[in-house]
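Visitor: missing the sequence, but the structure's below:
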């Protein structure tokens, strides 16, 4: 199977309610498996339209992946449409129904009568197990083409694509091999990184280097194409090494590694513990550090001292420091980091204080943030001015704190 | 024109590098103008595929909006494809070329020879001015259908849609006015809510009630169509009131209100303060409560007592309680909430302790979470079993805590 099409089903995708993130996810996974996506189509919850769409994409595509419309409500019509398109009946599947019953029993929920429809499958098709939800998927084969129907819920779709669909596709893929290596960077803008890399980012180059930006994180996608996978991999990795040499400390990770993961790895490897004290980020930095499985190995404690009173009472920040310099000041950031280190007994502590906005009470501008790091060598502080809305100021402040923590750990 | 289709063109949309945000934007604008989107299609930069796609969507749609592929490079093929589909030649447009020349002169740039192609238009079509870029759009009419080609750059596309395309569509729209009201619900599954609402969710009904689910939050989209906007609004609001009566406490807000916002409004209105103590959610609950601008009015302090040691030292949870019942227990959740209330002096406190996974050290299962709320009337605790991955367990636990806080505030 070298050519695939994706059909996303749901009125919510056509009335502007929902941005479809499933399609780019599936595209990415398919291209890595050597499967080309020839088109993607969004259709309403309408049996006739779904059948017309299936017919259209089946002209070119050898594998058709459908997401959405497998739920229990009246507007979920994918299973009915697929059966109609394949010209078969829907059959009740006793095993699937029993699984669903158990799913509800284990959660102490009453199974609604409406859920029963999710145990019906087009005759001759195969249910695809759903490890985290009630709706099993559907795999069918007709005229030498493969049809897969998956739930629209991203977490369920992603697992089922990976465990059930991709293995079936790669078995039959012929393919020019593609290898993609990603480098994750933080600490400079897109144009600075492009300028540092120079010719490498030109189009029609192999490997091709694409660049995407999200919340201050720049991802370089290094895409190499070759006759076989080993050759493509060698090309992509050589380009990655070259770019890493040029970008140095700006590169924090590879592939899907997040800043939190990079920091978590470093902390775990060094057997160090961390604690945080936050004001404007309101718990976001602690949340990011504990996003990672196994974070109890390095994360001990966090204080969200949002009010001045909490800063004074919980961390013992001196009242006169706040009165003299204001709560948003390098002095208070350092006092928070130092106190958190003393109270928690952790190896390293990070403190953030700033103005997330949208309003600012005093002279200081929205987006002004101080980040302090304390360890056994002492305490240092950095100032940032983020020109952005409340949400972005908070995210950028927490990301910058993680990056400072990463560089501190790296240079120890 | 009551039915439209959207075609997005570009290889980058089909290889997973780019999430298409143009389609939901266009959908939203069209539906509010009384135009229904019957399907959307993503195609590669390939003349033949674009022609096939145009033919497919033209079956149903009366207006076809194409984005992308109008640039000056060799892989921009939309104008050629549209001419081929319309069976006309491309003609050089002197005025457009002169505009482009001026654009470059005013920016002190040399116009590349490659830009010349952007002055060619399918015979009989009309250029659509681009207020911020070089690529003018294309408007054509054939067989009573309207075809619009716009640049893929969101900022350019959005302006041209609004100034050039929507006015042309609404002129010919038999124009039914559309009004959309959203209800946000938490505390029951999609199928339970559908069952409670009954016939209301049937298709081909006006108002139409659609349902989307995200992180435990169910959004009901009530879409009413009528001859004029006032009538549509009256219908949608009447349906909303009716659904609110049926769903009662499950409805926490309207339109784009989040659970955090609903809680924030209630706290602000009542002049109450809140503090939190978190273990497995690691700061997420504090982060959600401080997502809202002005949260310093009600949020005082948060403790992320991740280690047992932090629970004991910072909150004074008795060691023997942890030894006897474990850190994940209703006893410890209640001790955390009670201590946080005492230490912070806040009116209400919420505490969360649980096992986010993926691993569990003891007998207790991943997803087991205890949430305690303390106020002047005492302390109560609820147990939940979330069967999900680490990220979802954490989000669902924090959302459930917000919802408990909302209901506590409501019933005071």
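Guide: Noted; the coordinates are in hand. This is a predicted model, so every value here is computed, not measured.

Visitor: When you work out contacts or count neighbours from here on, use the C-alpha atoms and nothing else.
Guide: OK.

Visitor: What sits closest to the most centrally placed residue in chain A if chain neighbours are left out?
Guide: In chain A, the C-alpha nearest the mean C-alpha coordinate belongs to residue A:256, at 8.0 Å (Cα atoms, centre = their mean). Sequence neighbours aside, residue A:182 is the residue nearest to residue A:256 in space, at 7.5 Å (criterion: Cα to Cα, 6 or more residues apart in numbering or on different chains).

Visitor: helix or strand right after the one helix or strand that neighbour maps to?
Guide: Assignment of secondary structure by DSSP states H and E places residue A:182 within strand A:177-185. Downstream of strand A:177-185, the next assigned helix or strand under DSSP H and E is helix A:190-197.

Visitor: Report the mean per-residue pLDDT for that following helix.
Guide: Across helix A:190-197, pLDDT averages out at 82.

Visitor: Now name the helix or strand holding the residue of chain A most remote from its centre.
Guide: Most distant from the centre of chain A: residue A:320, at 43.0 Å, with distances by Cα atoms, centre = their mean. Taking DSSP H and E as the criterion, residue A:320 maps to helix A:319-325.

Visitor: So which other helices or strands are in contact with that helix?
Guide: Contact analysis of helix A:319-325 by 3 or more Cα pairs under 8 Å, 6 or more residues apart in numbering or on different chains; DSSP states H and E lists helix A:330-344 as its packing neighbours.

Visitor: Which residue lies closest in space to residue A:125, excluding its sequence neighbours?
Guide: In space, and not counting its chain neighbours, residue A:125 is closest to residue A:140: 4.5 Å by Cα to Cα, 6+ apart.

Visitor: same check, this time on residue A:225
Guide: Per Cα to Cα, 6+ apart, closest to residue A:225 is residue A:178, 4.6 Å.

Visitor: Report pLDDT for the residue farthest from the centre of chain A.
Guide: On the pLDDT scale, residue A:320 is placed at 95.

Visitor: Now for the residue nearest to residue A:256, how many residues are close by?
Guide: Counted by other Cα atoms under 10 Å in any protein chain shown, the residues lying close to residue A:182 total 21.

Visitor: Cross-check the contact I'm expecting between it and residue A:254.
Guide: Yes. Residue A:182 lies in contact with residue A:254 (Cα atoms under 8 Å); the separation is 5.5 Å.

Visitor: Tell me which residues of the host helix or strand of the residue nearest to residue A:125 come out buried.
Guide: Assigned by DSSP H and E, residue A:140 belongs to strand A:137-142. Buried positions in strand A:137-142, judged by neighbour count with 16 or more other Cα atoms under 10 Å in any protein chain shown: A:137-140.

Visitor: for these, which one is nearest chain B?
Guide: Ranked by distance to chain B (Cα to the nearest Cα), the buried residues of strand A:137-142 are led by residue A:137 at 17.9 Å.

Visitor: what's that closest one in contact with, if anything?
Guide: With contacts defined as Cα atoms under 8 Å, 6 or more residues apart in numbering or on different chains, residue A:137 is in contact with A:70, A:127-130, A:148-151, A:160.

Visitor: so what's the residue nearest to residue A:225 up against?
Guide: A:31-34, A:223-226, A:229, A:232-233 are the contacts of residue A:178 under Cα under 8 Å, 6+ apart.

Visitor: Filter those down to the ones in helices?
Guide: Those of the contacts of residue A:178 mapping onto helices are A:31-32, A:229, A:232-233, per DSSP state H.

Visitor: would JSON lines of those with distance to chain B be doable?
Guide: Below are those laid out as JSON lines (distance: Cα to the nearest Cα, whole Å):
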{"residue": "A:31", "distance to chain B": "6"}
{"residue": "A:32", "distance to chain B": "9"}
{"residue": "A:229", "distance to chain B": "18"}
{"residue": "A:232", "distance to chain B": "17"}
{"residue": "A:233", "distance to chain B": "18"}
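
Visitor: Relative to residue B:242, which of the residues you listed is nearest.
Guide: Nearest to residue B:242 out of these is residue A:31 (Cα to Cα; 47.9 Å).

Visitor: which parts of the stretch 51-200 of chain A sit against chain B?
Guide: Within the stretch 51-200 of chain A, the positions near chain B by Cα under 8 Å from any Cα of the partner chain are A:56, A:72-75, A:107, A:112, A:114-115, A:132.

Visitor: so which of the residues you listed would you say is closest to residue B:25?
Guide: residue A:75 (23.1 Å).

Visitor: Contacts only, for the closest one.
Guide: Residues near residue A:75 by Cα under 8 Å, 6+ apart: A:45, A:69, B:201-203.

Visitor: rounded to a whole number, what's the mean pLDDT of the helix or strand containing residue A:103?
Guide: For residue A:103, the host element (DSSP H and E) is helix A:94-106. Helix A:94-106 comes out with an average pLDDT of 90.

Visitor: so how far is chain B from residue A:162?
Guide: From residue A:162 over to chain B the distance is 15 Å, taken as Cα to the nearest Cα, to the nearest Å.

Visitor: mind checking the SS state of that residue?
Guide: Recorded secondary structure, residue A:162: helix (DSSP: H, G, I helix; E, B strand; the rest coil).

Visitor: Which pLDDT value goes with it?
Guide: Residue A:162 carries a pLDDT value of 93.

Visitor: Could you count how many residues lie near it?
Guide: The local packing of residue A:162 (other Cα under 10 Å) involves 13 other residues.

Visitor: Let's have the contacts of residue A:137 in JSON lines, adding secondary structure.
Guide: Formatted as JSON lines, the contacts of residue A:137 follow (three-state DSSP):
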{"residue": "A:70", "secondary structure": "coil"}
{"residue": "A:127", "secondary structure": "strand"}
{"residue": "A:128", "secondary structure": "strand"}
{"residue": "A:129", "secondary structure": "coil"}
{"residue": "A:130", "secondary structure": "coil"}
{"residue": "A:148", "secondary structure": "strand"}
{"residue": "A:149", "secondary structure": "strand"}
{"residue": "A:150", "secondary structure": "strand"}
{"residue": "A:151", "secondary structure": "coil"}
{"residue": "A:160", "secondary structure": "helix"}
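
Visitor: Residue A:111 in helix, strand or coil?
Guide: The three-state assignment at residue A:111 reads coil, by three-state DSSP.

Visitor: Quick check, it in contact with residue A:104.
Guide: Yes. Between residue A:111 and residue A:104 there is a contact under Cα under 8 Å: 5.9 Å.

Visitor: Looking at the stretch 151-300 of chain A, which residue is nearest chain B?
Guide: Counting by Cα to the nearest Cα, the stretch 151-300 of chain A gets nearest chain B through residue A:283, at 4.3 Å.

Visitor: what number of residues lie near that residue?
Guide: 34.

Visitor: ok, now which ones touch it?
Guide: A:302-304, B:282-287, B:302.

Visitor: For the stretch 201-350 of chain A, what lies in contact range of chain B?
Guide: Proximity of the stretch 201-350 of chain A to chain B, by Cα under 8 Å from any Cα, involves residues A:212, A:281-287, A:290-291, A:293, A:296, A:299-307, A:310, A:344.

Visitor: Pull out the buried members of the residues you listed.
Guide: Burial by neighbour count, 16+ other Cα under 10 Å: within those this picks out A:281-287, A:290-291, A:293, A:296, A:299-307, A:310, A:344.

Visitor: So which of those are in helices?
Guide: Mapping those onto helices (DSSP H) picks out A:284-287, A:310, A:344.

Visitor: and which of those residues is nearest residue B:355?
Guide: Residue B:355 has its nearest neighbour among those in residue A:287, at 14.8 Å by Cα to Cα.
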